[in-house]
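**Student:** no FASTA, just this:
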């Protein structure tokens, strides 16, 4: 039968955590400004097209 493989979990070291935090903050900024840009585009479309 199939073997069950378990994943090993470990805590990130200092450097890995810093890289993870920087990536997460970059994602949050991208999501925030991307959402703002879409809202502005939709407002402008509603204003000029209706």
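**Tutor:** Nice, I can see it. Everything numeric here is computed off the predicted structure, so don't read it as measured data. Numbers count the residues shown, from 1 in each chain.

**Student:** so who does residue 23 touch?
**Tutor:** With contact set as C-beta atoms under 8 Å, 6 or more residues apart in numbering, residue 23 has no partners. Every C-beta, even on glycine, is put in place using the N, C-alpha and C of the backbone.

**Student:** per-residue confidence for it?
**Tutor:** On pLDDT, residue 23 comes in at 96.

**Student:** which parts of the protein are helices?
**Tutor:** Ranges of helices within the chain are 14-49, based on DSSP state H.

**Student:** where are the low-confidence patches of it?
**Tutor:** Residues of the chain meeting the criterion pLDDT under 70: 1-2, 7, 9, 12.

**Student:** tell me, how many residues neighbour residue 13?
**Tutor:** Number of residues near residue 13 (other C-beta atoms under 10 Å) recorded here: 8.

**Student:** and the gap between it and residue 19?
**Tutor:** Separation of residue 13 from residue 19 (C-beta to C-beta, to the nearest Å): 10 Å.

**Student:** for residue 26, same thing?
**Tutor:** Taking C-beta to C-beta, one finds residue 26 at 11 Å from residue 19.

**Student:** pull up the gap between residue 48 and residue 42, please.
**Tutor:** 11 Å.

**Student:** neighbour count for these two, which is higher?
**Tutor:** residue 42 (10 against 7).

**Student:** and that one, how far from residue 50?
**Tutor:** When residue 42 is compared with residue 50 (using C-beta to C-beta), they lie 11 Å apart.

**Student:** what does residue 4 give?
**Tutor:** With C-beta to C-beta as the criterion, residue 4 and residue 50 are 59 Å apart.

**Student:** likewise for residue 33?
**Tutor:** 26 Å.

**Student:** and those two? Which one has more around it.
**Tutor:** Remark: of residue 33 and residue 50, residue 33 carries more neighbours, 10 against 5, as counted by other C-beta under 10 Å.

**Student:** list the contacts for the more buried one?
**Tutor:** Counted by C-beta under 8 Å, 6+ apart, residue 33 has zero contacts.

**Student:** and the gap between it and residue 6?
**Tutor:** Distance from residue 33 to residue 6, by C-beta to C-beta: 40 Å.
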